[in-house]
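Asker: Provided below are the primary sequence and the corresponding predicted coordinates.
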Protein chains: 2
Amino acid sequence: MVTIDDVAELAGLSKSTVSRVINHYPHVSQEKKQKVFEAMEKLGYVPNSSARSLRNKKTKMIAVIVPRLMNPFFGQLVESMEVAANQSGYQLLICQTMYSQETELGHLELLKTKQVDGIIMASLENDWSTISEYLTYGPLIMCNEFDESADIPIIKLDQIHGGYMATKHLLRQGHRKIAYCSGGYKSMVANHRKLGFDKALAEHGIPFQDAYGFYNAYTIENGMEVFKQIHAMKDPPTAVFTGSDEVAAGIIAGAREYGVTIPNELSVIGFDNQVISKITEPKISTVEQPIEQMAQKAVHVLVDKINDQKPLIRERYELPLELIIRESTVGGPLRAVE
Amino acid sequence: MVTIDDVAELAGLSKSTVSRVINHYPHVSQEKKQKVFEAMEKLGYVPNSSARSLRNKKTKMIAVIVPRLMNPFFGQLVESMEVAANQSGYQLLICQTMYSQETELGHLELLKTKQVDGIIMASLENDWSTISEYLTYGPLIMCNEFDESADIPIIKLDQIHGGYMATKHLLRQGHRKIAYCSGGYKSMVANHRKLGFDKALAEHGIPFQDAYGFYNAYTIENGMEVFKQIHAMKDPPTAVFTGSDEVAAGIIAGAREYGVTIPNELSVIGFDNQVISKITEPKISTVEQPIEQMAQKAVHVLVDKINDQKPLIRERYELPLELIIRESTVGGPLRAVE
DNA sequence: ATGACTTTTGAAAACGTTTTCAATAACTTG
DNA sequence: CAAGTTATTGAAAACGTTTTCAAAAGTCAT
C-alpha cells in the first residue's frame, strides 16, 4: 500500500506538506504543490480513509434505516437518498429492520461504534425512549415515520391531510360505508392517515364501524385477503381506503377473481402513486407522496446537523401530498352528493 | 468519547489486556476478564471502528454497485444481499450508477481508499479492461451482469436457457413471428437471452427479422411505446419476448388502450416474475430468477475471498431459471404445434 | 537596517486500536 | 527440585492520517 510517507519521500518533502496539499491548505508554494501532485500521480496515491476517519472523527458515511427495500416506497426513498448523499460527499449505508426491534437496535449501534456520522430513521420499531439513548453518540433524524415527542428534526408528509383528502373524495362520490385498511399498528404514519380519515367521516356525521377496519396489510397478497373478508360480509362497505397501492391492487385482483366489478360494486383508493397504480384494471386512484423531495430534505438536514456540532433540537418539516383520481373510485354508486 | 484506555484504567489493567478480552484471546485469567467486562459495562465502552479498521486493515464493509434501486429486480437483489451481509458480520454500502460510466468508476474508488473490503458488481457500465485495474486494491466479483473475459468469480443465471425456454414456449404455442425486446445494449445478460432466443428460432428454421428487434426498453412506459410501434406495423409479430415484466406490463397496458386483446391478438412473455406479473390482466407468463439465492451466493463468495488473501481466480457459479406460464401467452393463435 | 508581520516548511504528537516482544508467574515432568 | 513448558501480563510500536508547534525565510514599512 502506498502511503503519504511514500509520496513525501518521492517529492522530497515532509508528509505535513503533502497533507496540506491534499487538504487544500493555503500557504503552500506552487512549486512544492506541483511536486506533490506529480508524486501522487506517479504513485497512484489515494488517502486511506480509515486513517482519515480516525484522525478527523468523521467517516463521511450516513446510514438509513428502513423496514425493507422490496417495499417500493422505501426502494424509491433510498434511491433518492443515495444520490443526494453522494452529491454531498457521503456514502449511504443501508440497514433493513425487517420489522424486528432487535435488528433496528443493532443498526443504531453503528452510531456508537462511529461507523457512520449520522442516521436517518425511516423505520421506527422501538420506542423513542429507547432510541433517544443513542443521541449522545451522533445526530439522528426521522424521515417519513415519526414520533411526536422526539425533540429532533423530523421530515414528514402531511399524512392527516392525505387521509382526509382521499376519504373526502370517497364521500363526495356518495359512499357512506367506507372501510379503512392500513399497515403497521405502531406506525404514526398510518395513525395520522386514520386521523384524517376519521375527520372526513366526522364532517359527514358518519360513525366508523370497527368491522370495517383492517390492519397489518402491506402486500398484494394481504390485499386479496382483505377483499375476501369484505366479500364475505353481510353488510359490506362500498369503498375501501388503503394504505398502499399494493394493497389496493390486491383488492382489485381479489375482486376480479370473484367477479366483483370495480369501481361499480366496490371503490378502492390506494396510497403512494406507485407505477402499479397505473397499470391495474381499473387504474387506481391514489395519493402521491413527494418521496424524492423528502429524501433530499432528510439528507441535507442530516448533513447540516453533522457539520454543526450543536446538539439536535426539535425541528419539523412537512411536505404536502396530492390526490390523484383515476378509475378505481369514479363511476361508483352515486348515492348522495354532499 | 470513552476509549480502551479508560476501560484499562478503571479495570486497573493495561490496554493490551483489555484488547485481548475484547477480541476473545485465550490466556486471559477469568478474574481480569471479569474486571474488564465490568469496566466496559460501567463505561458503556464500545470499540471505535475507524481505529480498528486502521489497525486491522479491514472495514467489515462491502459495497454493491447496481444501476438503480427503483428497478425492482435490483431492489430485491440488494435487499437479500443486505441481510446476507449482516449475517456474515458485514455492512452493505449501496452504490447506484444511474447508468453512468463515471459514477460507476467513482464507486470503484471505494476499494482504493479502503472504505470497503470488497465489491459486488451487479452493474457493468465500463469495460472490463478499465474495471480490472481495481483488482490490485481488493476483491471484486460480478453478480448477474458479467463479462466472459474477466478472470474473477462470477455468480450468474443461465440466461441463455432462460431466453431459450421462453421462446420455445412461444413457438410451441404456434407463433412464428416473434419480436424480441430487451434492455441495455452492452448488457451480457440481454445478450445471452438473445442467444437463447436465436437458438430456439434456429431450431425451427425461423430467421429473425431485424424489424422485430426492440432495445433499451426498461420501464412500463417503454413497453407502451414498444406496443405502439408494433401496432403500427403492416406485418406485426404475433408474440413478443421481453426482458422484464415491467416492459411486458407496459405492452399489455398499451394493448388495452388500443383495444388489442392479449394473448389472442398478441402474446407477451416477461422476465423476472415480479409481483406485477401476477396482477395485470391478463397475468404475465414469465421466467423466474432465483434472486435471493444469487444474492446470498454472491455475498458468501465475496466474504470468502476477503478472508483468503489469495489473488482472485476465475470462478463461475450459474443458477437455473424457471419458466412460469400464466395467461399472457396461452390461448393465442395456435398455428402449428411442433 | 530594524522590527513586525506573514508565509512556508518539518518534527513530533495525536487519533484509538491491535500486536509484537519480553518478562514474569505458574505449571509439568522427570 | 531443576529444567522446560505454558499461561498471563504490560510496554511500546505500529497502522496512516492531520494538526500543533516552532523555526526559518520572506515581505514590508519605517
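Answerer: Sure thing, it's come through.
Asker: Find me the pLDDT at A:Asp245, would you?
Answerer: If you check A:Asp245, the pLDDT there is 94.
Asker: got it, and A:Ala336?
Answerer: Here the pLDDT value assigned to A:Ala336 is 39.
Asker: same check, this time on A:Thr280
Answerer: The model's pLDDT for A:Thr280 equals 85.
Asker: got it, and A:Leu323?
Answerer: You'll see A:Leu323 listed with a pLDDT of 97.
Asker: who's in contact with it?
Answerer: Applying Cβ atoms under 8 Å, 6 or more residues apart in numbering or on different chains to A:Leu323 gives the contacts A:165-166, A:169, A:285, A:287-288. For every residue, glycine as well, the C-beta is placed using N, CA and C.
Asker: What helix or strand is it located in?
Answerer: A:Leu323 is part of strand A:322-324, with elements assigned from DSSP states H and E.
Asker: do A:Val7 as well
Answerer: A:Val7 belongs to helix A:4-11 when assigned by DSSP H and E.
Asker: Over to A:Gln34?
Answerer: Under the assignment here (DSSP H and E), A:Gln34 is part of helix A:30-43.
Asker: returning to what we had before: which one of the contacts of A:Leu323 is nearest to chain B?
Answerer: Looking at the contacts of A:Leu323 and their distance to chain B, the nearest is A:Glu288, at 15.5 Å (Cβ to the nearest Cβ).
Asker: how close does the residue nearest to the closest one when sequence neighbours are not counted sit to chain B?
Answerer: Of all residues beyond its chain neighbours, the one nearest A:Glu288 is A:Asn273 (3.9 Å), with distances taken as Cβ to Cβ, 6 or more residues apart in numbering or on different chains. When Cβ to the nearest Cβ, to the nearest Å is applied, the distance between A:Asn273 and chain B equals 13 Å.
Asker: Number of residues surrounding A:Asn273?
Answerer: A:Asn273 sits with 22 neighbouring residues when counted by other Cβ atoms under 10 Å in any protein chain shown.
Asker: before we move on, what about A:Asn191?
Answerer: Other residues within reach of A:Asn191, judged by other Cβ under 10 Å, total 17.
Asker: Check for me that it belongs to a helix.
Answerer: Yes. With the criterion set as DSSP: H, G, I helix; E, B strand; the rest coil, the secondary structure at A:Asn191 is a helix.
Asker: Looking at per-residue confidence, what score does it get?
Answerer: Reading off the model, A:Asn191 has pLDDT 92.
Asker: what's in contact with whichever strand or helix holds A:Arg316?
Answerer: Assignment of secondary structure by DSSP H and E places A:Arg316 within strand A:315-319. Residues lying outside strand A:315-319 but in contact with it, judged by Cβ under 8 Å, 6+ apart, are A:152-158, A:290, A:293-294, A:297, A:301.
Asker: and the least confident helix or strand in chain A by mean pLDDT, what other elements does it pack with?
Answerer: In chain A, no helix or strand scores lower on mean pLDDT, DSSP states H and E than helix A:276-279, which sits at a mean of 87. Helices and strands touching helix A:276-279, by 3 or more Cβ pairs under 8 Å, 6 or more residues apart in numbering or on different chains; DSSP states H and E, are helix A:245-257, helix B:245-257, helix B:276-279.
Asker: could you redo the last one with a cut-off of 7 Å?
Answerer: helix A:245-257 (3 or more Cβ pairs under 7 Å, 6 or more residues apart in numbering or on different chains; DSSP states H and E).
Asker: And the helix it packs on, what's buried?
Answerer: For helix A:245-257, the neighbour count (16 or more other Cβ atoms under 10 Å in any protein chain shown) marks A:245-256 as buried.
Asker: Kindly report the same for stretch A:259-276.
Answerer: Within stretch A:259-276, the residues that count as buried by 16+ other Cβ under 10 Å are A:260, A:262-263, A:266-276.
Asker: In helices, which of those appear?
Answerer: With helices taken from DSSP state H, the overlap with these comprises A:Ile276.
Asker: Would you check which of the buried residues of stretch A:259-276 are in contact with DNA strand D?
Answerer: Intersecting the buried residues of stretch A:259-276 with the contacts of DNA strand D gives an empty set (criterion: Cβ under 7 Å from any atom of the strand).
Asker: Narrow the buried residues of stretch A:259-276 to those in strands?
Answerer: Counted as lying in strands by DSSP state E, out of those, are A:267-269.
Asker: Would you reformat the residues you listed as a markdown table and include pLDDT?
Answerer: Listed next are these as a markdown table, based on pLDDT from 0 to 100:
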| residue | pLDDT |
| --- | --- |
| A:Ser267 | 96 |
| A:Val268 | 97 |
| A:Ile269 | 97 |
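Asker: Which one of those is nearest to DNA strand D?
Answerer: Taking Cβ to the nearest atom of the strand as the measure, A:Ile269 is the one of these closest to DNA strand D, at 53.7 Å.
Asker: hang on, that closest one packs against A:Ser285?
Answerer: Yes. The pair A:Ile269 and A:Ser285 qualifies as a contact (Cβ atoms under 7 Å) at a distance of 4.8 Å.
Asker: what do the two both touch?
Answerer: For the pair A:Ile269 and A:Ser285, residues contacting each of them under the criterion Cβ atoms under 7 Å, 6 or more residues apart in numbering or on different chains are A:328-329.
Asker: Next to DNA strand C, which bits of chain A? Give me the list.
Answerer: Near DNA strand C, when you scan chain A using Cβ under 7 Å from any atom of the strand, you find A:12-17, A:20, A:26-29, A:31-32, A:51, A:54-55, A:57.
Asker: Now do the contacts for the residue nearest to A:Val299 when sequence neighbours are not counted.
Answerer: For A:Val299, the nearest residue in space outside its immediate sequence neighbours is A:Ala84; the separation is 4.0 Å by Cβ to Cβ, 6+ apart. Residues near A:Ala84 by Cβ under 7 Å, 6+ apart: A:295-296, A:299.
Asker: got it, and A:Met98?
Answerer: Taking Cβ under 7 Å, 6+ apart, we find A:Met98 in contact with A:Arg68.
Asker: before we move on, the earlier item: which of the residues of chain A next to DNA strand C are buried, as a PyMOL select command?
Answerer: Those of those that count as buried under 16+ other Cβ under 10 Å are selected in PyMOL with:
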select buried, chain A and resi 13+15+17+20+32+51+54
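Asker: hmm, who's touching stretch A:219-235?
Answerer: Residues external to stretch A:219-235 that are found in contact with it (Cβ under 7 Å, 6+ apart): A:179, A:181, A:214, A:217, A:236-237, A:246-251, A:253-255, A:258, A:260, B:275, B:279.
Asker: got the CA positions of that stretch in CSV?
Answerer: C-alpha atoms of stretch A:219-235 as CSV (Å, rounded to 0.1, in the frame of the first residue of the first chain):
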residue,chain,number,x,y,z
THR,A,219,-48.7,-6.6,0.3
ILE,A,220,-50.8,-7.6,-2.7
GLU,A,221,-51.5,-10.9,-1.0
ASN,A,222,-52.7,-9.1,2.1
GLY,A,223,-55.0,-7.0,-0.2
MET,A,224,-56.5,-10.1,-1.7
GLU,A,225,-57.2,-11.4,1.8
VAL,A,226,-58.8,-8.2,2.8
PHE,A,227,-61.1,-8.4,-0.3
LYS,A,228,-62.2,-11.9,0.7
GLN,A,229,-63.1,-10.7,4.2
ILE,A,230,-65.1,-7.8,2.8
HIS,A,231,-66.8,-10.1,0.2
ALA,A,232,-67.9,-12.4,3.0
MET,A,233,-69.6,-9.6,5.0
LYS,A,234,-73.4,-9.4,5.2
ASP,A,235,-73.3,-5.6,5.1
